[in-house]
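1. Just to be clear, the model below is a prediction. Sequence and coordinates:
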Amino acid sequence: MEVRSPYKEATDVILEAGGEPFKLCYQCGLCTGICPWNLVRNFVVRRIMHEAQLGVTDFGSEDVWTCVTCRACVQRCPRGVEIIDVMRAVRRAVASLGIGVVPDALRISAKNIAGVGNPFGEATEKRDDWAKELKVKSFSSGTEILYFPCCVPSYDPDVKTVARSTATIFNKLGISYGLIGTEAKCCGEAIRKAGYEDTFQSLAQNNINLFASNGVKTVVVSSPHCYHTFKNEYPELGGKFEVIHITQYLSSLIEKGELKLSKEVNKKVIYSDPCYLGRHNGVYDEPRRVLQSIPGLELIEFPDAREDALCCGGGGGRIWMDTPKGERFSDIRVEQAVERGADIIALTCPYCFLNYRDSVLSMGKTETVQVKDISELVAEAM
């Protein structure tokens with residue numbers, strides 16, 4: 001009987017997950033050249049790819065956990081290699097086969113998600129606490145829209161303003177919407193990119209069954225990560241429902257004349273494109289249309305915007321890992337925003353909100369620039 005080395009099993013997992021495009025990599029180095037990590041430290045994507053091809057991956061290296069899955073490398077690859085899938089496979093080998101070490105903060109978050117359905121380890125019955133004072137109804141038969149705010153706005157004290165602002169908008173407009181209740185769990189997008197495939201499958205099936213049993217046909221989300229996995233990954237597992245990001249929904253209401261913004265917001269606002277809304281899903285115009293519809297608001301752009309936008313650093317599960325000061329992409333963004341004279345950094349992603357908030361605080365910029373979700377600005381302008 002053949003005794004297989006766990007390292008051989010890990011290599012098989014990587015090769016299987018990478019598929020044919022993985023074999024197409026010819027080590028041109030474009031992935032390394034475009035990787036945002038090179039702005040703050042040395043990180044060679046090409047080396048990781050080469051080691052994986054040869055079956056000599058160093059599973060104990062911290063580089064295994066560095067990729068933020070921003071998709072900049074995939075966007076530039078001349079051979080169509082889905083590098084994110086390779087990185088996910090490497091991490092899956094570590095997480096499932098016990099090779100190497102999972103960072104403590106990620107391991108704890110993964111345990112929380114698997115146990116109680118959210119990375120904070122909070123009780124499930126607290127998921128909708130943010131909505132109590134707003135008298136948001138539960139989703140029921142005949143409700144048009146399920147609002148799914150994401151774990152971060154549901155539990156984080158600061159980011160709850162994203163969910164509350166969205167509910168305020170819906171309430172003022174008389175939108176038929178509701179919450180699915182405490183049986184809902186994390187969408188699973190980030191934990192999947194962190195290598196915990198079994199956890200993702202469990203979360204996805206829970207949510208798919210929950211949505212189906214309640215007759216959900218349309219879901220509006222605040223998080224690009226929820227948007228991405230609901231739209232692109234859940235259908236493969238049987239999820240059948242329309243997915244709309246909140247900025248797409250607000251933009252359509254404005255275009256139809258159903259949402260009219262009359263109060264002036266006399267601020268210079270700079271918009272940060274989230275990777276999972278922009279590069280992953282091609283949504284660039286709608287957030288800008290919403291901002292441009294706010295009276296008095298002056299919209300300005302980062303030096304690298306849209307397809308070239310710099311990641312906040314929170315993708316691929318890194319939102320739950322520690323990033324040393326001096327290596328935070330969001331710090332670079334805050335400096336750029338200040339240099340451009342922005343009063344507000346406008347966001348459409350809860351992960352971006354967490355990172356930008358922490359950067360503004362740690363850099364002592366709270367009196368210089370604010371961090372706000374687009375939903376907050378719309379609620380202010382109504």
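-> In hand now; what should we look at?

2. how is this structure carved up into domains?
-> Under the assignment automatic domain parsing, the domains of the chain span 6-97, 104-251, 259-381.

3. want to try CSV for these, with mean neighbour count and mean pLDDT as columns?
-> Any C-beta I mention is one placed from the backbone N, CA and C, and that applies to glycine too. Converted to CSV, the domains of the chain look like this (neighbours: other C-beta atoms under 10 Å; pLDDT from 0 to 100):
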stretch, mean neighbour count, mean pLDDT
domain 6-97, 18, 76
domain 104-251, 19, 96
domain 259-381, 20, 97
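
4. Closest to the centroid, which residue in this structure?
-> Nearest to the mean C-alpha position of the chain, by C-alpha atoms, centre = their mean, lies His225 at 3.5 Å.

5. That one in helix, strand or coil?
-> For His225, the secondary-structure state derived from DSSP: H, G, I helix; E, B strand; the rest coil is helix.

6. so it touches Pro149, yeah?
-> No. With contact defined as C-beta atoms under 8 Å, His225 does not count as touching Pro149 (11.9 Å).

7. Report the set of residues contacting both of these two.
-> Jointly contacting His225 and Pro149 under the rule C-beta atoms under 8 Å, 6 or more residues apart in numbering is no residue at all.

8. Can you give me the end-to-end span of stretch 71-86?
-> Across stretch 71-86, the straight-line distance between its terminal residues is 12 Å, by C-alpha to C-alpha, to the nearest Å.

9. Equivalent analysis for stretch 363-382, please.
-> Chord length of stretch 363-382, first to last residue, is 32 Å (C-alpha to C-alpha).

10. Stretch 229-236 too?
-> The distance separating the two terminal residues of stretch 229-236, taken as C-alpha to C-alpha, comes to 10 Å.

11. Check stretch 299-314 too.
-> The distance separating the two terminal residues of stretch 299-314, taken as C-alpha to C-alpha, comes to 24 Å.

12. For it, give me every contacting residue.
-> By C-beta under 8 Å, 6+ apart, stretch 299-314 touches 36, 39, 68, 70, 72, 75, 268-275, 278-279, 284, 288, 291-292, 323, 328-330, 332-333, 336-337, 340-342, 349, 351-352, 354-356.

13. try 6 Å this time
-> Contacting residues not belonging to stretch 299-314 are listed as 36, 68, 70, 268-270, 273, 275, 278, 284, 291-292, 323, 328-330, 336, 340, 351-352, 355 [C-beta atoms under 6 Å, 6 or more residues apart in numbering].

14. Kindly report the same for stretch 355-363.
-> Under the criterion C-beta under 6 Å, 6+ apart, residues Cys312, Gly313, Gly314, Ser330, Asp331, Val334, Ile345, Thr366, Val371 lie in contact with stretch 355-363.

15. 7 Å instead, please
-> If you take C-beta atoms under 7 Å, 6 or more residues apart in numbering as the criterion, stretch 355-363 is touched by 158, 312-314, 325, 328, 330-331, 333-334, 345, 347, 366, 369, 371.

16. do the same with stretch 104-116
-> Outside stretch 104-116, the residues that touch it by C-beta under 7 Å, 6+ apart are 118-124, 186, 191, 194, 196, 199, 317, 320-322.

17. before we move on, the earlier item: out of the contacts of stretch 355-363, which are inside strands?
-> With strands identified by DSSP state E, the entries of those that belong to them are Ile345, Leu347, Val371.

18. which residue ranges form the strands in the stretch 251-382 of the chain?
-> Counting by DSSP state E, counting those that start in this stretch, residue ranges of the strands within the stretch 251-382 of the chain are 268-271, 298-301, 344-347, 370-373.

19. For Glu144, which of the ones you listed is the nearest?
-> strand 370-373 (22.8 Å; C-beta to C-beta).

20. tell me what that closest one is packed against?
-> Counting by 3 or more C-beta pairs under 7 Å, 6 or more residues apart in numbering; DSSP states H and E, the packing neighbours recorded for strand 370-373 are strand 344-347, helix 350-362.

21. With distance to Glu258 as new columns, can those be given to me in a markdown table?
-> What follows is those, written out as a markdown table (distance: least, C-beta to C-beta, whole Å):
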| stretch | distance to Glu258 |
| --- | --- |
| strand 344-347 | 22 |
| helix 350-362 | 26 |
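
22. Between those, which one is closest to Ala95.
-> helix 350-362 (20.3 Å).

23. how far out from the middle of the chain is the closest one?
-> The gap between the average C-alpha position of helix 350-362 and the chain average comes to 13 Å, counting by C-alpha atoms, centre = their mean, to the nearest Å.

24. before we move on, what about stretch 343-352?
-> The gap between the average C-alpha position of stretch 343-352 and the chain average comes to 12 Å, counting by C-alpha atoms, centre = their mean.

25. Contacts only, for the residue nearest to the centre of the chain.
-> With contact set as C-beta under 7 Å, 6+ apart, His225 has these partners: Cys187, Glu189, Ala190, Tyr276, Tyr351.
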